[in-house]
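Trainee: Mind looking at a prediction? Sequence and model below.
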Amino acid sequence: QVQLVESGGGSVQAGGSLRLSCAASGRTFSSYGMAWFRQASGKEPELVAAISRSGTSTYYADSVKDRFTISRDNAKNTGYLQLNSLQPEDTATYYCAASYVIGTFRVVTARNQYAYWGQGTQVTVSS
């Protein structure tokens, strides 16, 4: 089992930036692929970005490409999501998730393959 705790959410104006963190505890963090999902009010959760165990492979949703950056520091058992050029449509609760993965370069994009989830952190962007 791995426990995940997000932090770093908040309220910003359009064009602003935030950095979300996901602190992992329990099992070896480097054995898990990681992702960030978001869920806006009344909408289904969507995958924002995902990263391989090694951190060398990444995936981004088209809506956040060139604005968001996913990264991880396995030595610190922490994942990150840098959010730049935020827009009101980015307003949502952001969740980090972990998936036990065989292979250090594989990126997991299917939500149902993520067994471990944090409690979420709210990001609100005003125009």
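Mentor: On my side now, so go ahead.

Trainee: so where do the helices sit in this protein?
Mentor: Along the chain, no stretch is classed among the helices by DSSP state H.

Trainee: what about the strands in it?
Mentor: For the chain, applying DSSP state E gives strands covering 2-7, 10-13, 18-26, 32-39, 46-51, 58-60, 68-73, 78-83, 92-100, 116-117, 121-126.

Trainee: Counting by contacts, list what the last one packs against.
Mentor: The one in question is strand 121-126. Using 3 or more CB pairs under 8 Å, 6 or more residues apart in numbering; DSSP states H and E as the contact test, the elements touching strand 121-126 are strand 10-13, strand 18-26, strand 92-100. Glycine gets a C-beta too; all of them are placed from N, C-alpha and C.

Trainee: picking up where we left off before, which of the strands of the chain sits most buried?
Mentor: Sort those by mean neighbour count, taking mean count of other CB atoms under 10 Å, and strand 32-39 sits at the top with a mean of 25.

Trainee: who touches the residue sitting nearest the centre point of the chain in this structure?
Mentor: When the chain is reduced to its mean C-alpha position, the nearest residue by CA atoms, centre = their mean turns out to be W36, at 2.1 Å. Counting by CB atoms under 8 Å, 6 or more residues apart in numbering, W36 touches 20, 22, 47-50, 70, 79, 81, 94-97.
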